[in-house]
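# Mind looking at a prediction? Sequence and model below.
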Amino acid sequence: MQLHHLALGATDVAALAGFYASVFGLEQVREHRRDDGTLRSVWLRLGEGLLMVESIEAGPVREQGLRLPEPGWFLLAFATEDEAESEAVCSAATARGATESHRTGFTRYLVDPEGNRVAVSHFPLPKGP
């Protein structure tokens, strides 16, 4: 079993897709438009799967701009090789409008320009079974 895709809702699909393409080096695979020509979604290559940035209406937010988690997925985490790479990615993210909410010894937590939680982690993942 492997990840097929993750979907992030966005009120500005082009801007949020540009954020992930620029900061995390994700390649755009496809975009979808509505019958009236407006942008509905952008698909970005994420390893063997996809990150789908989908158009949604604005949702409820907290004071810090972070969308309240609902049941289901509420964090997108990217792996880095080491702390230096995490620092570089986070610097690129904040330059593109993200804010850092907090950090742990291995992981830095960001809020993307649409209020989604994003993590950048160099915590070593366990190898196979």
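Yep, it's here.

# Show me the helices in the protein, by range?
13-24, 83-95 (DSSP state H).

# Show me where the chain has its strands.
Under the criterion DSSP state E, the chain carries strands at the ranges 5-10, 28-33, 39-46, 49-55, 76-79, 99-103, 107-111, 117-121.

# Which one of the helices of the chain lies nearest to residue 76?
With C-beta to C-beta, the closest approach to residue 76 among those belongs to helix 13-24: 8.8 Å. For every residue, glycine as well, the C-beta is placed using N, CA and C.

# That closest one packs against which elements?
Where contact means 3 or more C-beta pairs under 8 Å, 6 or more residues apart in numbering; DSSP states H and E, helix 13-24 is packed against strand 5-10, strand 28-33, strand 39-46, strand 49-55, helix 83-95.

# As CSV, the ones you listed with mean neighbour count and distance to residue 122 would be great.
Shown next, in CSV, are those (neighbours: other C-beta atoms under 10 Å; distance: least, C-beta to C-beta, whole Å):
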stretch, mean neighbour count, distance to residue 122
strand 5-10, 17, 20
strand 28-33, 13, 26
strand 39-46, 19, 18
strand 49-55, 20, 20
helix 83-95, 15, 5
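
# Dump those to TSV, plus distance to residue 19 and mean pLDDT.
Listed next are the helices and strands packed on helix 13-24 as TSV, based on distance: least, C-beta to C-beta, whole Å; pLDDT from 0 to 100:
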stretch	distance to residue 19	mean pLDDT
strand 5-10	9	83
strand 28-33	12	95
strand 39-46	10	93
strand 49-55	9	86
helix 83-95	8	96
